[in-house]
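Asker: Next one to model:
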Amino acid sequence: MAQMALYVYQLSAAGSGALHFAAQHSIPVIVSKTDTFTEILKEDQAIFIEPDNEDQLGVAILKLASDEKLRNYLQHGIKKISSRTWRNVAEDYLTLYEEITG
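Answerer: Okay, here's the model as predicted:
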């Protein structure tokens, strides 16, 4: 079994920074299929499960712990979001605003 740490937390309006920490350190994540995560992460950056589905969470944890190829794939994918800066986000929003307003 892989050496790993499991950090489970409830999503709150204030946020926790856990996703940012994971991205900065290329740590694979399992997240709920909620707008908060689906807007930020792609399929190659996380394992998505239905909110409050304990069975899916258990299966995902075991799969991540036992599948080194999957861990490596997700580690590579999550690195992509660690390079995002507030400037990148602001530029993306500006581009989108300009497209919408013509």
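
Asker: now the chain, which segments are flagged as low pLDDT?
Answerer: In the predicted model of the chain, residues 1-5, 9-16, 82, 84 satisfy pLDDT under 70.

Asker: Would you state the helices of it in chain order?
Answerer: In the chain, the segments counted as helices under DSSP state H are 18-24, 35-38, 54-66, 68-82, 86-101.

Asker: For residue 45, which of those helices is the nearest?
Answerer: When the helices of the chain are compared by CB to CB, helix 68-82 sits nearest residue 45, at 4.0 Å. For every residue, glycine as well, the C-beta is placed using N, CA and C.

Asker: got the buried residues for that closest one?
Answerer: 71, 74, 77, 78, 81 (16 or more other CB atoms under 10 Å).

Asker: Let me see the contact set for the residue lying closest to the second one once chain neighbours are set aside.
Answerer: If you skip the residues right next to it in sequence, residue 74 has residue 28 as its closest partner in space, 3.8 Å away by CB to CB, 6 or more residues apart in numbering. With CB atoms under 8 Å, 6 or more residues apart in numbering as the criterion, the residues that contact residue 28 are 22, 46, 47, 64, 70, 71, 74, 75, 78.
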